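> Please work out how this folds:
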Amino acid sequence: RHLLRRHLQSALVGDGRAGYFNQEVIATLDTPLDFRSLSCERQYREALAAVYAKGKAWLTPVEIFRPHYAEAIGRSMLSRHRQAYGPSEPLRICE
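Numbers count the residues shown, from 1 in each chain. All right, here's what the predicted structure looks like:
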């Protein structure tokens, strides 16, 4: 018998060397994808496949659509904050 929590602990963290979170799981792009040069979905998929072929890690939407994705999230947060509290109330973000 093996408890689920022990199995998850072993799979995710392991012995400090072999667990999922002990690997580089999120990649970063050296330079953003040049979306202007991509004329169709096929070219986008090929560009992304080329990035993934370089390593085992995966990319988050923030990495793939950098800087556009993060800017859109920031604009949305600020817009919603201003609607709720007005433009004079500063938006404070804490991590």
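> what about the residue nearest to the spatial centre of the chain, distance to residue 88?
Central residue of the chain (C-alpha atoms, centre = their mean): residue 60, 2.5 Å from the mean position. For residue 60, the distance to residue 88 equals 34 Å [C-beta to C-beta, to the nearest Å]. Backbone N, C-alpha and C define where each C-beta goes, glycine included.
> swap in residue 12?
45 Å.
> Residues touching the host helix or strand of residue 83, excluding its own?
Secondary-structure assignment from DSSP states H and E places residue 83 in helix 68-85. Here helix 68-85 makes contact (C-beta atoms under 8 Å, 6 or more residues apart in numbering) with 61-62, 89, 91, 93.
> For the protein, just list every one of the strands.
Using DSSP state E, no strands are assigned anywhere in the chain.
> Please name the nearest non-neighbouring residue to residue 48.
The spatial neighbour of residue 48 that comes closest, neighbours along the chain excluded (C-beta to C-beta, 6 or more residues apart in numbering), is residue 64 at 6.9 Å.
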